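> With the sequence up front, the predicted model follows.
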Amino acid sequence: MTSDAFWNHKQLMRGNITLRVTKRILQCYVFPVLKYSCESWTLNKDLIRHINTFEKWCYRRLLKIKWTDKISNEVLLRIQETDMIFYNNIKEQKLAFVGHVLRGSSGERAVQILEGKLDSKIAQGRPQRMWIDDIKCWMNLDAYERIKHLAQDRCNWRHLMMIMKGCGLA
(Lines give C-alpha, C1' and ligand atoms only; values in the text may rest on other atoms or scores of the structure.)
Protein backbone atom coordinates (compact mmCIF):
# COMPACT_ATOMS: atom_id res chain seq x y z
CA MET A 1 0.00 0.00 0.00
CA THR A 2 2.85 2.35 0.78
CA SER A 3 4.58 1.87 -2.54
CA ASP A 4 1.20 2.49 -4.22
CA ALA A 5 0.94 5.75 -2.29
CA PHE A 6 4.44 6.64 -3.51
CA TRP A 7 3.59 5.91 -7.15
CA ASN A 8 0.26 7.77 -6.90
CA HIS A 9 2.19 10.94 -6.05
CA LYS A 10 4.97 10.32 -8.58
CA GLN A 11 3.97 13.20 -10.85
CA LEU A 12 3.89 15.57 -7.89
CA MET A 13 7.36 14.54 -6.74
CA ARG A 14 8.89 14.54 -10.22
CA GLY A 15 7.90 18.10 -10.91
CA ASN A 16 10.39 20.94 -11.06
CA ILE A 17 10.60 21.38 -7.30
CA THR A 18 13.44 21.28 -4.80
CA LEU A 19 14.59 18.20 -2.91
CA ARG A 20 13.41 19.74 0.35
CA VAL A 21 9.84 20.01 -0.96
CA THR A 22 9.86 16.48 -2.36
CA LYS A 23 10.99 15.16 1.03
CA ARG A 24 8.10 17.01 2.64
CA ILE A 25 5.69 15.48 0.12
CA LEU A 26 7.11 12.05 0.93
CA GLN A 27 6.69 12.64 4.67
CA CYS A 28 3.18 14.00 4.18
CA TYR A 29 1.64 11.52 1.72
CA VAL A 30 3.68 8.30 1.79
CA PHE A 31 5.12 7.73 5.27
CA PRO A 32 1.78 8.07 7.11
CA VAL A 33 0.48 5.12 5.09
CA LEU A 34 3.42 3.02 6.28
CA LYS A 35 3.22 4.31 9.82
CA TYR A 36 -0.50 3.53 10.23
CA SER A 37 -1.05 1.76 13.59
CA CYS A 38 2.69 1.31 14.15
CA GLU A 39 2.11 1.57 17.90
CA SER A 40 0.84 -2.00 17.89
CA TRP A 41 3.79 -3.49 16.02
CA THR A 42 6.32 -5.79 17.62
CA LEU A 43 9.53 -4.68 15.96
CA ASN A 44 11.87 -7.54 15.14
CA LYS A 45 15.07 -7.34 13.12
CA ASP A 46 13.37 -8.38 9.89
CA LEU A 47 10.67 -5.71 10.16
CA ILE A 48 13.24 -3.03 11.03
CA ARG A 49 15.27 -4.04 7.97
CA HIS A 50 12.17 -3.80 5.76
CA ILE A 51 11.30 -0.35 7.13
CA ASN A 52 14.81 1.01 6.55
CA THR A 53 14.97 -0.58 3.10
CA PHE A 54 11.71 1.03 2.05
CA GLU A 55 12.88 4.43 3.29
CA LYS A 56 16.12 4.10 1.30
CA TRP A 57 14.10 2.96 -1.74
CA CYS A 58 11.99 6.12 -1.52
CA TYR A 59 15.01 8.39 -1.24
CA ARG A 60 16.68 6.68 -4.17
CA ARG A 61 13.57 7.34 -6.28
CA LEU A 62 13.50 10.99 -5.19
CA LEU A 63 17.15 11.45 -6.10
CA LYS A 64 16.60 9.60 -9.41
CA ILE A 65 19.26 7.01 -8.64
CA LYS A 66 18.89 3.95 -10.84
CA TRP A 67 19.34 0.46 -9.47
CA THR A 68 22.27 -0.07 -11.86
CA ASP A 69 24.16 2.89 -10.36
CA LYS A 70 26.69 1.73 -7.79
CA ILE A 71 25.88 4.16 -4.99
CA SER A 72 26.23 2.92 -1.42
CA ASN A 73 23.82 3.73 1.37
CA GLU A 74 26.43 5.91 3.10
CA VAL A 75 26.71 8.08 -0.01
CA LEU A 76 22.92 8.16 -0.21
CA LEU A 77 22.73 9.44 3.36
CA ARG A 78 25.34 12.12 2.65
CA ILE A 79 23.48 13.24 -0.46
CA GLN A 80 20.22 13.24 1.41
CA GLU A 81 21.84 15.22 4.30
CA THR A 82 19.97 13.35 7.02
CA ASP A 83 19.96 10.00 8.72
CA MET A 84 17.24 7.39 8.35
CA ILE A 85 14.55 9.00 10.45
CA PHE A 86 11.49 6.86 9.88
CA TYR A 87 12.43 4.08 12.32
CA ASN A 88 13.16 6.68 15.01
CA ASN A 89 9.75 8.26 14.40
CA ILE A 90 8.11 4.86 14.92
CA LYS A 91 10.00 4.43 18.19
CA GLU A 92 8.95 7.85 19.39
CA GLN A 93 5.30 7.24 18.49
CA LYS A 94 5.30 3.84 20.18
CA LEU A 95 6.86 5.24 23.37
CA ALA A 96 4.25 8.01 23.49
CA PHE A 97 1.49 5.42 23.08
CA VAL A 98 2.97 3.26 25.84
CA GLY A 99 2.93 6.20 28.23
CA HIS A 100 -0.68 6.90 27.30
CA VAL A 101 -1.78 3.29 27.86
CA LEU A 102 0.16 2.76 31.09
CA ARG A 103 -1.28 5.92 32.62
CA GLY A 104 -4.71 4.33 32.11
CA SER A 105 -5.92 7.00 29.69
CA SER A 106 -7.15 4.42 27.20
CA GLY A 107 -9.10 2.38 29.71
CA GLU A 108 -8.49 -0.51 32.06
CA ARG A 109 -9.03 -3.16 29.38
CA ALA A 110 -6.02 -1.91 27.37
CA VAL A 111 -3.80 -2.18 30.44
CA GLN A 112 -5.09 -5.71 31.12
CA ILE A 113 -4.31 -6.75 27.54
CA LEU A 114 -0.85 -5.21 27.79
CA GLU A 115 -0.13 -6.99 31.05
CA GLY A 116 -1.48 -10.28 29.70
CA LYS A 117 -4.04 -10.76 32.44
CA LEU A 118 -6.70 -12.18 30.13
CA ASP A 119 -7.62 -15.87 30.31
CA SER A 120 -5.88 -17.90 27.64
CA LYS A 121 -4.05 -21.16 27.10
CA ILE A 122 -0.31 -21.25 27.65
CA ALA A 123 1.50 -21.41 24.32
CA GLN A 124 4.01 -24.14 23.66
CA GLY A 125 7.59 -23.57 22.56
CA ARG A 126 9.89 -20.61 22.93
CA PRO A 127 8.17 -17.39 24.04
CA GLN A 128 7.62 -15.02 21.15
CA ARG A 129 8.94 -11.49 21.24
CA MET A 130 6.29 -9.40 22.92
CA TRP A 131 5.18 -5.85 22.29
CA ILE A 132 6.56 -4.59 25.60
CA ASP A 133 9.99 -6.10 24.88
CA ASP A 134 10.71 -3.22 22.48
CA ILE A 135 10.02 -0.71 25.23
CA LYS A 136 12.18 -2.61 27.73
CA CYS A 137 15.05 -2.63 25.24
CA TRP A 138 14.76 1.07 24.32
CA MET A 139 14.45 2.19 27.94
CA ASN A 140 17.24 -0.12 29.16
CA LEU A 141 14.95 -1.47 31.86
CA ASP A 142 14.23 -5.09 32.74
CA ALA A 143 11.08 -4.76 34.80
CA TYR A 144 7.66 -3.91 33.43
CA GLU A 145 6.72 -2.45 36.82
CA ARG A 146 9.52 0.13 36.54
CA ILE A 147 8.30 1.22 33.10
CA LYS A 148 4.73 1.48 34.42
CA HIS A 149 5.91 3.56 37.37
CA LEU A 150 7.86 5.93 35.08
CA ALA A 151 4.89 6.34 32.73
CA GLN A 152 2.55 7.46 35.53
CA ASP A 153 4.15 10.92 35.57
CA ARG A 154 3.54 12.43 32.14
CA CYS A 155 6.17 15.18 32.51
CA ASN A 156 8.91 12.74 33.51
CA TRP A 157 7.91 10.36 30.70
CA ARG A 158 8.16 13.12 28.09
CA HIS A 159 11.44 14.28 29.59
CA LEU A 160 12.79 10.73 29.41
CA MET A 161 11.65 10.46 25.77
CA MET A 162 13.46 13.71 24.94
CA ILE A 163 16.64 12.44 26.60
CA MET A 164 16.44 9.22 24.60
CA LYS A 165 15.83 11.20 21.40
CA GLY A 166 18.85 13.41 22.13
CA CYS A 167 21.05 10.37 22.70
CA GLY A 168 19.84 8.74 19.49
CA LEU A 169 18.09 5.92 21.37
CA ALA A 170 14.56 6.86 20.34
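That came through, no problem.
> Residue ranges of each domain in this structure, please.
With domains defined by automatic domain parsing, the chain comprises 2-83, 89-117+130-167.
> Which one of the ones you listed lies nearest to residue 123?
In terms of C-beta to C-beta, the element of the domains of the chain nearest to residue 123 is domain 89-117+130-167, at 11.2 Å. (Each C-beta comes from the backbone N, C-alpha and C, glycine too.)
> how distant is the closest one from the center of its chain?
14 Å (C-alpha atoms, centre = their mean, to the nearest Å).
> coming back round to it: just say which of the domains of the chain is most tucked in.
A comparison of those by mean neighbour count, using mean count of other C-beta atoms under 10 Å, puts domain 89-117+130-167 on top with a mean of 15.
> pretty sure residue 161 is touching residue 93, no?
No: Residue 161 lies out of contact with residue 93 (C-beta atoms under 8 Å); the separation is 10.4 Å.
> now the domains of the chain in JSON lines, with mean pLDDT?
Below are the domains of the chain laid out as JSON lines (pLDDT from 0 to 100):
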{"stretch": "domain 2-83", "mean pLDDT": "77"}
{"stretch": "domain 89-117+130-167", "mean pLDDT": "78"}
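> Format the ones you listed as TSV; extra columns: distance to residue 124.
Formatted as TSV, the domains of the chain follow (distance: least, C-beta to C-beta, whole Å):
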stretch	distance to residue 124
domain 2-83	19
domain 89-117+130-167	16
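> can you map out the helices along this protein?
Remark: helices assigned in the chain by DSSP state H are 2-8, 10-13, 19-25, 31-34, 45-62, 73-80, 86-102, 108-115, 131-139, 144-151, 154-167.
> need those in CSV with distance to residue 125, can you?
Converted to CSV, the helices of the chain look like this (distance: least, C-beta to C-beta, whole Å):
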stretch, distance to residue 125
helix 2-8, 32
helix 10-13, 45
helix 19-25, 44
helix 31-34, 31
helix 45-62, 19
helix 73-80, 36
helix 86-102, 26
helix 108-115, 22
helix 131-139, 16
helix 144-151, 22
helix 154-167, 33
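> I'd like to know which of the ones you listed is closest to residue 121.
helix 108-115 (16.1 Å).
> Now tell me what touches stretch 92-102 from outside.
35, 38-39, 41, 43, 106, 110-111, 114, 132, 134-135, 138, 147-148, 151-152, 154, 157-158, 161, 164-165, 170 (C-beta atoms under 8 Å, 6 or more residues apart in numbering).
> and if you look at stretch 35-45?
47, 86, 89-90, 93-94, 97, 128-131, 133-134.
> Can you tell me which of those residues is nearest residue 65?
Residue 65 lies nearest to residue 86 out of the contacts of stretch 35-45, by C-beta to C-beta, at 18.1 Å.
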